[in-house]
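> here are the coordinates; sequence isn't available:
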Ligand code: SAM
Ligand code: DTB
Ligand code: SF4
């Protein structure tokens, strides 16, 4: 039997709202159906994350432990040495990671740092993993250098809806973020872009955030959906917790609107029940960060995740199953053979 998935970038707000608000069982069924048409439903891609430059960031993101404007108690560090980064990358490879993501608390990378960044990218590639960087906004020169160094993915999140954005960040605009995403795409680097839910936004903001990503000229290859990790000393420290069902609905909407994207159940798993995580996988999440720290906060340890995978019959997604899966064709018809 053969099934087809239509890839659309012209979703309307009405369509997105209607899907988001479907009865939960219908929504999950639809998301799982789309998921199965495009991916092995029992495979989840594993990425590892390392903060290569922590804290002291000049931006004012209200959720972030690393903003110099938030009093989170985190001390700022310099850019990590290349050898140290590659030592950590080797450990990640040994534990089964297929993608290595490196994050820096910068507004944008400086010229003087680019040589070290390039060596990190090359080193990770030589280990046989995909490389991902998240360094803030990019100009034409730095995006070109990243491409030449062989970078596979660039992560830059839109974070929330355009409407709610100004409540969260004032030092860079929503349009700045879209601009960086289009530079990355134009340079031929794969785009990783998503956002955070549970920041006190309304349901329409969660829907709009996904809609913005799904109506970009082409869908991001990876879409990280983060549940806010409330950090003491930030303006978001005491935000009311989001109903996990709303989180699962957000994942399902991302899966349905962007059928070929790797939807990552990203930050927030440490405080999430196994059952909520299982629902996220059922709703089409097929990527996670493995390892006991994210950038500055805790993540479930490897053993815990291995146990959860075992209970759910989930296998790590092999590299060949996710590399270059995304045909960059607007309105493409994708034929997938199903058993
Ligand atoms: N400084 C770079 C930038 O912001 O573009 C890269 C690193 S930044 C920490 C990467 C992303 O992590 C943010 O855009 C945000 O979506 C997510 N993030 C940061 N702090 C978080 C938190 N406390 N809870 C959930 N997600 C968070
Ligand atoms: C993304 O969307 N989530 C990751 C990654 N991209 C860089 C970061 C999560 C950070 C969580 C808070 C922290 O550890 O500081
Ligand atoms: Fe800086 Fe990124 Fe944190 Fe914003 S999210 S304060 S840009 S490290």
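Nice, thanks for sending it over. These figures come from a predicted structure and were not determined experimentally. Residues are numbered from 1 along each chain as shown. Ligands and ions are numbered 1, 2, ... in the order given.
> Could you pull out the buried residues of stretch 215-224?
Going by neighbour count (16 or more other Cβ atoms under 10 Å), the buried part of stretch 215-224 is 215-216, 218-224. C-beta coordinates here come from the backbone N, C-alpha and C atoms, glycine included.
> How about stretch 157-164?
For stretch 157-164, burial by neighbour count (16+ other Cβ under 10 Å) applies to 157-162, 164.
> Repeat that for stretch 40-59.
Neighbour-count burial for stretch 40-59, with 16+ other Cβ under 10 Å as criterion, is recorded at 41, 43-55, 57, 59.
> how about the most centrally placed residue in the chain, phi and psi?
What sits nearest the mean C-alpha location of the chain, by Cα atoms, centre = their mean, is residue 224, with 2.2 Å. Dihedral angles of residue 224 (phi, psi; degrees, to the nearest 10) stand at phi -80, psi 130.
> so how far is the strand ranked longest in the chain off the chain centroid?
Longest strand in the chain, counting residues (DSSP state E): strand 43-53. With Cα atoms, centre = their mean, to the nearest Å as the basis, strand 43-53 stands 10 Å off its chain's centre.
> hmm, back to that, sort out which one of the buried residues of stretch 157-164 lies nearest residue 120 for me.
residue 157 (20.6 Å; Cβ to Cβ).
> So the closest one sits against residue 191, correct?
No: Residue 157 is beyond contact range of residue 191, at 10.7 Å (criterion: Cβ atoms under 8 Å).
> Could you identify the most distant pair in the buried residues of stretch 40-59?
41 and 55 (39.1 Å).
> quick one: what helix or strand has residue 26 in it?
helix 24-38 (DSSP states H and E).
> Next up, the contacts around the nearest residue to residue 196 once chain neighbours are set aside.
For residue 196, ignoring the flanking residues on the chain, the nearest one in space by Cβ to Cβ, 6 or more residues apart in numbering is residue 226 at 4.4 Å. For residue 226, the contacting residues are 157, 194-197, 266-268, by Cβ atoms under 8 Å, 6 or more residues apart in numbering.
> phi, psi of residue 226?
Residue 226 adopts backbone torsions of phi -100, psi 140, taken as degrees, to the nearest 10.
> what about it, distance to residue 319?
24 Å (Cβ to Cβ, to the nearest Å).
> What ranges does the stretch 51-200 of the chain have for its strands?
99-104, 130-134, 153-155, 190-192, 195-197 (DSSP state E, counting those that start in this stretch).
> host element of residue 306?
Per DSSP H and E: residue 306 is located in helix 302-312.
> Show me what from this protein comes close to ligand 3.
Within the chain, the residues that sit near ligand 3 (Cβ under 6 Å from any ligand atom) are 57, 59, 61, 64, 66-67, 105, 136.
> who wins for neighbours among the residues you listed?
Using other Cβ atoms under 10 Å as the neighbour criterion, residue 105 leads the residues of the chain next to ligand 3 with 27 neighbours.
> Quick check, that residue in contact with residue 57.
Yes: using Cβ under 8 Å, residue 105 is in contact with residue 57, at 3.8 Å.
> hey, what's in contact with both of these two?
Common neighbours of residue 105 and residue 57, counting by Cβ under 8 Å, 6+ apart, are residue 66.
> Show me what from the protein comes close to ligand 1.
63-64, 103, 105-106, 134, 136, 156-157, 159, 195-196, 226, 228-229, 231, 267, 295.
> Of these, which ones also sit close to ligand 2?
103, 134, 157, 226, 229, 267, 295.
> Filter those down to the buried ones, ChimeraX style.
To isolate the buried ones among those in ChimeraX, judged by 16+ other Cβ under 10 Å, type:
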select :103,134,157,226,229,267,295
